[in-house]
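Chemist: next come a sequence and a model predicted from it.
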Protein chains: 2
Amino acid sequence: MNYFSSDFKLGILGGGQLGKMLLYETRKYDIYTCVMDPSEEAPCRIACNEFYTGDLMDYDKVYEFGKKVDVLTFEIENVNVDALEKLEREGIKVYPSPATLRTIQNKAKQKLFYVDHNIPTAPFTRFAYTNEIHTALNNNSIDFPFVWKSAQFGYDGKGVKVIRTYSDLDDLPNVECITEELVPFKNELAVIVSRNTKGEVVTYPVVEMEFHPTANQVEYVICPARIDPVVTEKAQLVALKVSESFQHTGLLAVEMFQTKNDDILVNEVAPRPHNSGHFSIEASYTNQFEQHLRSILGLPLGHTDSKVGGIMVNLTGEEGHTGKVVYQHIEGIMKMEGVTPHIYGKKETRPFRKMGHVTIVNRDIDRAREIAEEVKNTIKVVAAKNI
Amino acid sequence: MNYFSSDFKLGILGGGQLGKMLLYETRKYDIYTCVMDPSEEAPCRIACNEFYTGDLMDYDKVYEFGKKVDVLTFEIENVNVDALEKLEREGIKVYPSPATLRTIQNKAKQKLFYVDHNIPTAPFTRFAYTNEIHTALNNNSIDFPFVWKSAQFGYDGKGVKVIRTYSDLDDLPNVECITEELVPFKNELAVIVSRNTKGEVVTYPVVEMEFHPTANQVEYVICPARIDPVVTEKAQLVALKVSESFQHTGLLAVEMFQTKNDDILVNEVAPRPHNSGHFSIEASYTNQFEQHLRSILGLPLGHTDSKVGGIMVNLTGEEGHTGKVVYQHIEGIMKMEGVTPHIYGKKETRPFRKMGHVTIVNRDIDRAREIAEEVKNTIKVVAAKNI
């Protein structure tokens, strides 16, 4: 098929910031794009050829949209898989496949998948409903502390909670869930794997999530991870094994823990461009969005090496600020060496809302880390009315 | 002014491939954009917030369009400068300024400007009409061979011809023109200078245009130029002097000759993103399009160093091919290391039509040059019906 002609249509479910960054790359290749998103004001609206509004969980909407395109992909996991399956049966190329997505969408299924494929992951227990956890605690089949995870729709940090006492269970929804042993870890790592329709596979370098020393929040995504080469290699191999097990098409972001004993445990995966790969826009020979396109279109995969070291800082709304957004001191960070802000185009800020990200690149990763800290201390995402 | 909000509107005259690449960057900063182009099918149409069709030489169209925006820029020099002047008087920020553009639009004025500002340039003679050249030849005030250049609308290689005999003059239009001494040169070089509204200035590394050994055509734009550091420094200083003389805002691409004696002569300038700066998308810390935006919005200028060596190859239509375009063997070049094709989105190819470009990046510029040659020997821009 000639992708570089107007005869071909690529469909993207979801029109948020990931879709927007994917669309930059379709423009570079002049690929014709159709996007569906529930919001009339989705960031993708102005960068695609055809835009549709529709609920991504609505069977009919997803099916109708999918019938318009040749290849269908998504920038968010919460889409109607039944519709994707029907589309696939009717000859639309859906990447990643509905089968991959169905396993990943449900965290209990995802964990069982790791066990079935001998992929190391933290020990866990499945529950049909949250209120069954009390019984398990009573008969000592699980112990405090543990992590509670909703099986479905856990996207973006929601649906995860550390449980230390009975009272922590009180506010949880009574849904299908898992509990997971709270594994003490040295580092949280991630590897992005890309696999094209021909089964060719490449991996990006291992990245490291650096946490805030007191708040339990990722502050920096650092590429390459500043870890022992032996651990780097182990993380790469585990990521490749996960990829091989899924036989996915497109990107697969594999999030992992490096335990105190330097074991690697898979935490979870995302079958799409991922926050942990944003550094690649400025730092890599081929960025993750271009790589995803190459993969799902069956094109040769691009080189995943870095030109320079890269660090990503998320731009999130300040606490106490809700309303029309202002990026305070953005000019201050633009003066710094190798700093690129990415503004997602959301009009309103709210506390902790992801409003953009900033990439810092430098030949010297330690210098990049210093500049990243300056960035973090300078720019603030605030509400216009509060300043 | 808060550029990163929907209260601000940036206007771009011209919606071609340069505008399209500029729009990628406005998306990164979520800047609201309006574009006007004569063609309904302009590549920019789907990446801006508001699109208008209109002749860029039409006073009323340009004026009406300009009144809608806060800052107005252009991706092509052939725009109505009278309208820009009126807009500027009425408080619209027009960058580069109409005064800069007026000087550059007319090649005779541009050459006189260099002379007035002690900027080295090849000796030339002005003519109100081409047919006056005969008189000058007859009374020996000029000699064969020389270069004839139309004073106006010489964009994109049109309006330039090497004249070796009287018969070469026959087909030329009878217009305002200049004749220029044919200077034997070792290299054609270029430097992109960017100057923001605050008068801050940065320069990109010197690039070299490598010509085809027999056809008189630029094959590769190479950054950094493989020349003596003394010449590099001289070229940088000349470019800075040109920039200082124009007091432009935004990018200024300065094209120069390195003579047999290693003198630098200014050939011509373009006050906008330029073909000679396309390598910067993949190779530089800040690409030329982002730099232009930073400049015209009065933001801090970005670093112009390269992460890696970069070479650009233009993708032009093959001889003998006219019709619906196919990028033959594009997958072949996508397999090569550090290769990124940029497809401009023109539906029809014609012999020598600029259909895109390819960037090759590598830490080793000599290796990049080898890969660039493989690229050139692999991809072909052909018509669908001929294959």
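Modeler: Good, I have the coordinates. Residues are numbered from 1 along each chain as shown, chains lettered A, B, ... in the order given.
Chemist: three-state assignment of residue A:367?
Modeler: When classified by DSSP: H, G, I helix; E, B strand; the rest coil, residue A:367 comes out as helix.
Chemist: again with the one 10 residues further on
Modeler: Under the three-state scheme (three-state DSSP), the conformation of residue A:377 reads as helix.
Chemist: report how many residues lie close to it.
Modeler: For residue A:377, the tally of surrounding residues (other Cβ atoms under 10 Å in any protein chain shown) stands at 11. No exception for glycine: its C-beta is placed from N, CA and C like everyone else's.
Chemist: how near is it to chain B?
Modeler: Distance, residue A:377 to chain B, by Cβ to the nearest Cβ, to the nearest Å: 17 Å.
Chemist: kindly report the same for residue A:285.
Modeler: To chain B, residue A:285 is 5 Å away according to Cβ to the nearest Cβ.
Chemist: for that residue, grab the count of nearby residues.
Modeler: By other Cβ under 10 Å, 22 other residues sit near residue A:285.
Chemist: show me where pLDDT drops low in the stretch 151-300 of chain A?
Modeler: For the stretch 151-300 of chain A, the stretches flagged by pLDDT under 70 are A:154-158.
Chemist: helices along that one, start to end?
Modeler: Assigned helices in the stretch 151-300 of chain A, in chain order: A:229-246, A:280-283, A:288-296 (criterion: DSSP state H, counting those that start in this stretch).
Chemist: report the central residue of chain A.
Modeler: residue A:274 (3.2 Å; Cα atoms, centre = their mean).
Chemist: so for residue A:45, which of the helices of the stretch 151-300 of chain A sits nearest?
Modeler: Across the helices of the stretch 151-300 of chain A, residue A:45 has its closest neighbour in helix A:288-296 (17.8 Å, Cβ to Cβ).
Chemist: so what touches the closest one?
Modeler: If you take Cβ atoms under 8 Å, 6 or more residues apart in numbering or on different chains as the criterion, helix A:288-296 is touched by A:21-22, A:24-26, A:28-29, A:31, A:71, A:73, A:93, A:95, A:192, A:194-197, A:202, A:204, A:249-251, A:272-274, A:277-278, A:280-281, A:286, A:299-302, A:304, B:334, B:340.
Chemist: next step: these restricted to strands.
Modeler: Residues of those located in strands (DSSP state E): A:71, A:73, A:93, A:192, A:194, A:195, A:202, A:250, A:251, B:340.
Chemist: please produce a ChimeraX select command covering the buried subset of those.
Modeler: For the buried members of the ones in strands among the contacts of helix A:288-296, the matching ChimeraX selection, counting by 16 or more other Cβ atoms under 10 Å in any protein chain shown, is:
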select /A:71,73,93,192,194,195,202,250,251 /B:340
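Chemist: among the ones in strands among the contacts of helix A:288-296, which pair sits farthest apart?
Modeler: A:93 and B:340 (24.2 Å).
Chemist: count of neighbours near the residue in the stretch 1-150 of chain A positioned nearest to chain B?
Modeler: Nearest residue of the stretch 1-150 of chain A to chain B: residue A:30, at 3.9 Å (Cβ to the nearest Cβ). For residue A:30, the count of nearby residues is 24 (other Cβ under 10 Å).
Chemist: separation between it and residue B:315?
Modeler: Counting by Cβ to Cβ, to the nearest Å, the gap from residue A:30 to residue B:315 is 12 Å.
Chemist: on that earlier part again, what would the helices of the stretch 151-300 of chain A look like in TSV with mean neighbour count and distance to residue B:162?
Modeler: TSV is the format used below for the helices of the stretch 151-300 of chain A (neighbours: other Cβ atoms under 10 Å in any protein chain shown; distance: least, Cβ to Cβ, whole Å):
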stretch	mean neighbour count	distance to residue B:162
helix A:229-246	18	57
helix A:280-283	24	43
helix A:288-296	26	41
